[in-house]
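> Curious how this folds, go ahead:
(3 chains)
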Amino acid sequence: MWDVLVRLIPSLELTIKLSLTALIMATPIGIGLGTLRATLRDRSFAARILDSYVLMVRGTPILIQIFAVYFLLPLTGLKIPLYWLGVLALVFNSAGYQIEIARAAVNSVPNGQWEAAAAIGFNRSQLLLTFILPQAARRMAGPVMNELSQLIKASSVLSVITLYELHKAAEAIISANFRFVEVLIVEGFWYFVFVYTLVMIAQRIEGLFSASGGLAEQR
Amino acid sequence: MHTDSNVLLSMRGIIKSYGAFKALDAVDLDLRHGEKLVVCGPSGSGKSTLIRCINHLEEPESGSIAIEGRETGIRGGELIALRRRVGMVFQQFNLFPHLSVIDNIIIGPRRLKGLARAEATNRGMALLERVKLADQAHKLPSQLSGGQQQRVAIARALAMEPVLMLFDEPTSALDPEMIKEVLDVILELGQQGMSMIVVTHEMGFARRAADRIVFMDKGRIVAGAPPREFFDNPSHPRLRQFLDNILGH
Amino acid sequence: MSLSLTSFLEVMPPLLKAAVVTVEISMLSLAFTCVIAPPLAIARMIGPWPLRFSVLAMVEAVRGVPPLVVIAFVYFALPAIGLTFNGFWTGVTALTVVGAVYAVDIVRSSIESLGRGQKEAAQALGFPVWRAYLEILFPQALKRILPPLTNELANVIKASALLSVISVNEISHVGQGLIFETFIVVEIIIQMAILYLTIVGCLSVLSKALERRLAH
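Next up, the predicted model:
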């Protein structure tokens, strides 16, 4: 078993790279669009577009989203390396969830805060940046950490487009030596270590700041 | 161990700790049939813990508890049988919010004693009459005031036909105006002969309703006497201090 | 990229047939989850220590790995102890495991959110612990369970897409095959997305209706 453990490390690295890169790209998008969404009227055009995007991401399997990026993007003529196709698919997916996270976090800042800052004389954007976002950010930290753990699990689906992340690598080892149980247990162990740690950290962070319970959502 | 047939409840040497904190420090207590006992004392003195040990919602580390001469262990069947004969009314009422008032009252007799719906409902309505809430039978707990909810809670406990009723600060969570209606019900219950232990701060009630009042401090029973002697001639300095504080303002 | 209606219609029949498989697998998984989750939840809450710990360990283990690994495990590793399933039933088993594990946690946290007093009141009347949970606490928790449980079922439906890797003829597998066969990429992907959205959407509607009935 130890040999499998070690042999899987390079692909584990790829899994982490994929997930982290996707997170780093998706989080600003999520925060930006989510904050925007929180300030929009529900029936406005922009709000509906954002809501449709989120609905699509949350209502379809990530595999379909990966297919979409994998098959459709090359049709536009752009030659994008496989790694980035994978990352983009994850970003597309994660941003959808993070819009919800950010929106809920911004909405959870009490109305009084908006009113007080406006009464002093701050305009919309100053108000947002100086007062609301810092408060919302505290409520986002836990869910974003949880989101990273979700990304690590989701990255396994990239095996379908032959990216040699952890799951694909494990598959490859199995097809060579047929040691199903052993390899799967080791693979599971690697995933578990990272996912569980992140989830625990997320819960701790949420515990520090929780007013009305967690915003983190399971995929 | 008391074998006096008049003794309903007998507690000996009850010890209960939470970590380093001793909530109950070797407490002895007896209750006779038909006796009405009030337990009072400062916060943290162990009064709630004591009565919660009687129906084993708290588990004493050592000591023995006997009801009607039979020692109560914690073995499943015995424990359940015990709880069906001892009724408890909680500070927070704890009515079942998803059931109507009458359903709250009859769920015990129906599910645990196998009573038919009609029979159970009749008895339940009679109990509601006793606590003067017959017209609220089909309301949900959320639609009632605190005082009304607590009276329903009393009826619910009575529905199991207990031999002993335990009241854990029954009026502490109520608006001042509703305290009287609940205490009146408890008083009447006592006058009709129910054996009971009431943990409370309501000294006026204690004076009128109790056969005996017991004062606890730091996990021990420090003084106990019939009301007149208890109030007029407090035996322990701590009790004197307590009474001064509570009655003086 | 141009969309053609003919292509759209050409791929519809096979995809619709595949959708039926997706729904079948999802519904079966849900049914089995509903059967095994409550006892597991009760074991997790009031069982003897070793049992509680085992359930907890199993729940955390399954939640900590991607569903693909669970599927692979059921399909490839279980035969080692004599449990061999075909693709379809591997799917049902794996999805039941994944779903039940989340369901156990959902049930547990919604019952805990009811507070200690309810359990004590039931016990004080003389309900044995397990009956207190079953007859007094569960019914109250039911209303609170519905939204997260719906979310969980939606996840199961989405996870069924992963069964394509073991060649189950559900939507994703058939769709992928069609793409390679016919090169009708855009229409197929759009249709697959619509199919999933519809299935998940119907679920949402049903759940809201149920929620309203429970709130009577």
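
> now the closest residue to chain A within chain B, nearest residue through space, not along the chain?
Going by Cβ to the nearest Cβ, chain A is nearest to B:Pro97 of chain B, at 19.8 Å. All C-beta spots, glycine's among them, are computed from the backbone N, C-alpha and C. Distances taken as Cβ to Cβ, 6 or more residues apart in numbering or on different chains place B:Pro141 nearest to B:Pro97, at 5.4 Å, with adjacent residues excluded.

> I'd like to know which helix or strand in chain B has the lowest mean pLDDT.
strand B:70-71 (a mean of 77; mean pLDDT, DSSP states H and E).

> After it, which helix or strand is next?
Remark: after strand B:70-71, the chain's next helix or strand is helix B:76-85, criterion DSSP states H and E.

> Quickly find the element holding the most centrally placed residue in chain A.
By Cα atoms, centre = their mean, chain A has its centre lying nearest to A:Ser94, at 3.5 Å. Using DSSP H and E, A:Ser94 maps to helix A:82-107.

> Could I get the CA-only coordinates of the helix or strand just after that helix as PDB?
The first helix or strand that comes after helix A:82-107 along the chain, using DSSP H and E, is helix A:111-120. Below are the C-alpha coordinates for helix A:111-120, written out as PDB (Å, rounded to 0.1, in the frame of the first residue of the first chain):
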ATOM      1  CA  ASN A 111     -30.000  46.600   7.300                       C
ATOM      2  CA  GLY A 112     -29.000  49.100  10.000                       C
ATOM      3  CA  GLN A 113     -25.500  49.100   8.700                       C
ATOM      4  CA  TRP A 114     -26.500  50.200   5.200                       C
ATOM      5  CA  GLU A 115     -28.700  52.900   6.700                       C
ATOM      6  CA  ALA A 116     -26.200  54.200   9.100                       C
ATOM      7  CA  ALA A 117     -23.500  54.500   6.500                       C
ATOM      8  CA  ALA A 118     -25.800  56.100   4.000                       C
ATOM      9  CA  ALA A 119     -27.000  58.600   6.700                       C
ATOM     10  CA  ILE A 120     -23.500  59.700   7.300                       C
END
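
> Check which helices and strands helix A:111-120 sits against.
Contacts defined by 3 or more Cβ pairs under 8 Å, 6 or more residues apart in numbering or on different chains; DSSP states H and E place helix A:111-120 against helix A:124-127.

> and the helix it packs on, how far from the chain's centre?
The chain centroid and the centroid of helix A:124-127 are separated by 27 Å, computed with Cα atoms, centre = their mean, to the nearest Å.

> buried sites along whichever helix or strand comes after that helix?
Next helix or strand after helix A:124-127 toward the C-terminus (DSSP H and E): helix A:133-154. Using 16 or more other Cβ atoms under 10 Å in any protein chain shown as the burial criterion, the residues of helix A:133-154 that qualify are A:133, A:136, A:138-154.

> Helix A:133-154 near chain C at all?
Yes. Shown here: helix A:133-154 in contact with chain C (Cβ under 8 Å from any Cβ of the partner chain) through A:152-154.

> Redo those residues as JSON lines? Include pLDDT.
Shown next, in JSON lines, are the residues of helix A:133-154 next to chain C (pLDDT from 0 to 100):
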{"residue": "A:Ile152", "pLDDT": "95"}
{"residue": "A:Lys153", "pLDDT": "95"}
{"residue": "A:Ala154", "pLDDT": "95"}
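
> which one of those is nearest chain C?
For these, the nearest to chain C is A:Lys153 (4.1 Å; Cβ to the nearest Cβ).

> now the helices for chain C?
Taking DSSP state H as the criterion, chain C carries its helices at C:5-46, C:49-63, C:67-72, C:87-112, C:116-125, C:129-131, C:138-159, C:171-182, C:185-214.

> other SSEs contacting the fourth one?
Helices and strands in packing contact with helix C:87-112 are listed as helix C:5-46, helix C:49-63, helix C:67-72, helix C:138-159; criterion 3+ Cβ pairs under 8 Å, 6+ apart.

> State the number of residues packed around B:Met178.
18 (other Cβ atoms under 10 Å in any protein chain shown).

> What strands flank the least confident helix or strand of chain B, and is each parallel or antiparallel?
Strand B:70-71 pairs in its sheet with strand B:62-67 (antiparallel), by DSSP bridges.

> Can you dump the C-alpha atoms of the strand it pairs with in PDB for me?
Only the C-alpha atoms of strand B:62-67 are listed here, as PDB (Å, rounded to 0.1, in the frame of the first residue of the first chain):
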ATOM      1  CA  SER B  62     -24.200   7.400  44.100                       C
ATOM      2  CA  GLY B  63     -27.000   7.200  46.600                       C
ATOM      3  CA  SER B  64     -30.400   5.500  46.400                       C
ATOM      4  CA  ILE B  65     -33.900   6.500  45.500                       C
ATOM      5  CA  ALA B  66     -36.900   4.500  46.400                       C
ATOM      6  CA  ILE B  67     -40.500   5.100  45.500                       C
END
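
> tell me which residues of that strand are tucked away?
By neighbour count with 16+ other Cβ under 10 Å, strand B:62-67 contains the buried residues B:63, B:65-67.

> now do the same end-to-end measure for stretch B:205-215.
End-to-end distance for stretch B:205-215, by Cα to Cα, to the nearest Å: 15 Å.

> Can you name the residues of chain B that neighbour chain C?
Residues of chain B lying near chain C (Cβ under 8 Å from any Cβ): B:55, B:57, B:76, B:80-81, B:83-84, B:86-88, B:90, B:92, B:94-98, B:107-108, B:111-112, B:153, B:156-157, B:160.

> and those residues, which are buried?
Looks like the residues of chain B next to chain C have B:55, B:57, B:80, B:83-84, B:86-88, B:90, B:92, B:94-96, B:98, B:107-108, B:111-112, B:153, B:156-157, B:160 buried, using 16+ other Cβ under 10 Å.

> for the chain, what are the low-confidence residue spans?
You didn't say which chain, so I picked chain A. Applying pLDDT under 70 to chain A flags the ranges A:210-219.

> Correction: the question concerned chain C.
For chain C (pLDDT under 70), the answer is C:1-2, C:215-216.

> C-terminal to the one helix or strand B:Asp184 maps to, what's the next element?
Take DSSP H and E as the rule and B:Asp184 turns out to sit in helix B:176-191. Next in sequence after helix B:176-191, counting helices and strands by DSSP H and E, comes strand B:195-199.

> what sits up against the very next helix or strand once past that next one?
Sequence order places helix B:203-209 as the next helix or strand after strand B:195-199, per DSSP H and E. Identification of contacts with helix B:203-209 by Cβ atoms under 8 Å, 6 or more residues apart in numbering or on different chains yields B:36, B:38, B:40, B:183, B:186-187, B:190, B:198, B:200, B:213, B:227, B:230-231, B:243, B:246-247.

> what is the rounded mean pLDDT of helix B:203-209?
Averaging pLDDT along helix B:203-209 gives 92.

> Tell me where chain B has strands.
For chain B, the strands defined by DSSP state E cover B:7-18, B:21-32, B:36-40, B:62-67, B:70-71, B:86-89, B:164-168, B:195-199, B:212-217, B:220-225.
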